[in-house]
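Colleague: Below are the sequence and a predicted model for it; my questions follow.
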Amino acid sequence: MTRAVALLAVLALAGCGTGGLAEESASDGGTLFKQKCGGCHELAAAGTKGNIGPSLDAAFGAPRDEGFEESTIEEVVLGQMRYPIRPMPPPDELFPLKGGYTEADRDADMSAIAKYVASVAADERAIAEAKSQAGGGGGANDPKTIFTGNCGGCHTLAAAGTSGTVGPNLDAISPPLARVVEQIHKGGGGMPPFEGTLTEAQITALAKWVVANRGK
């Protein structure tokens, strides 16, 4: 595959053109990605397994192998966030302008996410390092980490610092624990099932954590 064909394949998969690079940002792109995007996209280095949108490791594996610069991948990711195609929410929904949060803040946050994705997507060294850190710190079984990595991109939950709008606001509803466990297991209503992706222990811990922390 030529470099030109590889780039076209990425653009087709991402469903976008390019939007130009934003200014440098001090925002934590990894944290923002987990909060805003991880519920919909798989990215091994971030520990997210969302399947509503494309796997970013799969999308950018070929371009990375072809030797594309990270700045090119960053530009594609940023273009998709600026000019998304449903079901990906537009910037106004993903980064609402309220409470003093400005358009400049939003552009900086999107730039930070794009830079982070470009630095780790399909990068074996970054993936190995992330797995090593998760294994050493127990992050793989921490329910808050599981939530931000798998659910936060779609759901608002103040205790997790997430503001997703694809699914229900979990601070505003109060189903019983058994219903939450069932929903995580089986999915439905646009939510993917996590049975087989998360272990029984992880699903139970996640459900209990959500029930205990919603509305806080």
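Modeller: Ah, there it is.

Colleague: in this protein, which spans are helices?
Modeller: Counting by DSSP state H, one finds helices in the chain at the ranges 3-14, 29-36, 56-65, 70-82, 91-94, 103-120, 124-137, 143-150, 177-186, 200-213.

Colleague: Could you list the buried residues of the last one?
Modeller: Applying a neighbour-count criterion of 16 or more other C-beta atoms under 10 Å, one finds 202-207, 209-211, 213 buried in helix 200-213. Placement of C-beta: from N, CA and C, glycine included.

Colleague: got JSON lines for those residues, with pLDDT too?
Modeller: Listed next are those as JSON lines, based on pLDDT from 0 to 100:
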{"residue": "Gln202", "pLDDT": "92"}
{"residue": "Ile203", "pLDDT": "94"}
{"residue": "Thr204", "pLDDT": "95"}
{"residue": "Ala205", "pLDDT": "95"}
{"residue": "Leu206", "pLDDT": "96"}
{"residue": "Ala207", "pLDDT": "96"}
{"residue": "Trp209", "pLDDT": "96"}
{"residue": "Val210", "pLDDT": "96"}
{"residue": "Val211", "pLDDT": "96"}
{"residue": "Asn213", "pLDDT": "95"}
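
Colleague: For Ala126, state which of these is nearest.
Modeller: Gln202 (23.0 Å; C-beta to C-beta).

Colleague: so how far is Ser55 from that closest one?
Modeller: As judged by C-beta to C-beta, to the nearest Å, Gln202 and Ser55 stand 20 Å apart.

Colleague: Also Leu206?
Modeller: Distance, Leu206 to Ser55, by C-beta to C-beta: 21 Å.

Colleague: So this structure: which segments form each domain?
Modeller: 3-130, 142-213 (automatic domain parsing).

Colleague: ok, of the ones you listed, where does mean pLDDT dip lowest?
Modeller: Note on the domains of the chain: domain 3-130 shows the lowest mean pLDDT, a mean of 83.

Colleague: what distance separates it from the middle of the whole chain?
Modeller: Relative to its parent chain, domain 3-130 has a centroid offset of 9 Å by C-alpha atoms, centre = their mean, to the nearest Å.

Colleague: Asn51 reaches Pro192, doesn't it?
Modeller: Yes: the pair formed by Asn51 and Pro192 meets the contact definition of C-beta atoms under 8 Å, at 5.1 Å.

Colleague: Could you tell me how many residues sit around the closest residue in space to Pro87 that isn't next to it in sequence?
Modeller: Nearest non-adjacent residue to Pro87, counting by C-beta to C-beta, 6 or more residues apart in numbering: Ile52, 6.1 Å away. For Ile52, the neighbour count with other C-beta atoms under 10 Å is 17.

Colleague: was I right about Ile52 contacting Gly39?
Modeller: Yes: at 7.3 Å, Ile52 counts as touching Gly39 under the criterion of C-beta under 8 Å.
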